[in-house]
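> no sequence for this one, just the structure:
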């Protein structure tokens, strides 16, 4: 038991604090040491030893803080190269997968052209085949399964200058819903075929976002976004539509880029072949 008048360290409200807190607060590491120091102080011989004890505790606290700081720096320096290597590996993997996808897409387009050539040769041998080919050509045009040419309105939209860099403003960005409004406005103005950055639009094409990237049928696009729509006089018709007025408002308010012009003899590529689905009649129970 301790002597009367000597406060036990575990009676303090902060008795559960860590070693670092104990050192900084000036309390001893063990109750027995505190009691011995108190007895020496009562005997009049604790002045020099008390100052030495405080100096020792301050030195220990300084060394401990230095050790913790050094360990933190070492951990950060060790972790930074690992994170950088992982990031570089991920970027390399994304580029590899993108190149593989582009290569497979080119092979699919080549096979599609070969199939179309063989089909036309087979159908040209009879009148019925020629009629069927004409019907298929009309259907292919409506389904964006064949290239399309003609006069087109070319609309270019892009982020404002203030939407880039360290002080970027989100209001100046072009989002997926902006491209959706633009494409729907062009369809409503009478467009017969539309492509965004060379990606042909179909009735089932999805315009979505993934983070800051805009995807068209899961293919990422890079700004500026060039939307090409076939149709005579489409530039004037769209400029006077509600969608055209909305984009002019965005340009005046937030500084986005919005340009529209007409071009002749524009060619839009065919859309990728869709995934085929087959329906089967439901079996009638006997």
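Perfect, thanks for sending it. None of the values given here were measured: they were computed from a predicted structure.
> so which residue is smack in the middle of the protein?
The residue lying closest to the centre of the chain (CA atoms, centre = their mean) is residue 211, at 2.6 Å.
> give me the phi and psi angles of that residue.
phi 70, psi -130 (degrees, to the nearest 10).
> okay, it: pLDDT?
Per-residue confidence (pLDDT) for residue 211: 80.
> neighbours around the closest residue to residue 150 other than its chain neighbours, how many?
Closest residue to residue 150 apart from its sequence neighbours, by CB to CB, 6 or more residues apart in numbering: residue 230 at 4.6 Å. To be clear about C-beta, it is placed using only N, CA and C from the backbone, and glycine gets the same treatment. Residue 230 has 21 neighbours, counted by other CB atoms under 10 Å.
> residue contacts, residue 230?
By CB atoms under 8 Å, 6 or more residues apart in numbering, the contact list for residue 230 reads 148-152, 191-194, 266, 268.
> distance of it relative to residue 218?
Computed with CB to CB, to the nearest Å, the distance linking residue 230 and residue 218 is 24 Å.
> who touches residue 232 in this structure?
With contact set as CB under 8 Å, 6+ apart, residue 232 has these partners: 150-151.
> likewise residue 133?
For residue 133, the contact set (CB under 8 Å, 6+ apart) comprises 119-120, 123-124.
> likewise residue 239?
Neighbours of residue 239 in contact, by CB under 8 Å, 6+ apart: residue 260.
> phi, psi for it please.
The phi/psi pair for residue 239 (degrees, to the nearest 10) is phi -60, psi -30.
> do residue 175 as well
Backbone torsions for residue 175, taken as degrees, to the nearest 10, come to phi -110, psi 170.
> all helices of the stretch 51-200 of the chain, in order?
With helices called from DSSP state H, counting those that start in this stretch, the stretch 51-200 of the chain shows them at 127-142, 176-188.
> buried deepest among those helices, which one?
helix 176-188 (a mean of 18; mean count of other CB atoms under 10 Å).
> so what does that one touch, helix or strand wise?
If you count contacts as 3 or more CB pairs under 8 Å, 6 or more residues apart in numbering; DSSP states H and E, helix 176-188 packs onto strand 148-158, strand 193-196, strand 207-210, strand 213-216, strand 225-230, helix 234-239, helix 242-254.
> list the buried ones in the helix or strand following the last one?
Beyond helix 242-254 in the direction of the C-terminus, DSSP states H and E gives the next helix or strand as strand 257-268. By neighbour count, and taking 16 or more other CB atoms under 10 Å as the criterion, the buried residues in strand 257-268 are 257-258, 260, 266, 268.
> report all helices and strands that strand 257-268 contacts.
Using 3+ CB pairs under 8 Å, 6+ apart, strand 257-268 is in contact with strand 148-158, strand 193-196, strand 225-230, helix 234-239, helix 242-254.
> can I get those in JSON lines including distance to residue 136 and mean pLDDT?
Listed next are the helices and strands packed on strand 257-268 as JSON lines, based on distance: least, CB to CB, whole Å; pLDDT from 0 to 100:
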{"stretch": "strand 148-158", "distance to residue 136": "15", "mean pLDDT": "94"}
{"stretch": "strand 193-196", "distance to residue 136": "17", "mean pLDDT": "94"}
{"stretch": "strand 225-230", "distance to residue 136": "20", "mean pLDDT": "96"}
{"stretch": "helix 234-239", "distance to residue 136": "27", "mean pLDDT": "90"}
{"stretch": "helix 242-254", "distance to residue 136": "33", "mean pLDDT": "92"}
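> for residue 272, which residues are in contact?
The neighbourhood of residue 272, defined by CB under 8 Å, 6+ apart, consists of 105, 108-109, 200, 217.
> count of neighbours near residue 252?
The tally of other residues near residue 252 (other CB under 10 Å) stands at 10.
> how near is it to residue 75?
On the measure of CB to CB, residue 252 and residue 75 end up 51 Å apart.
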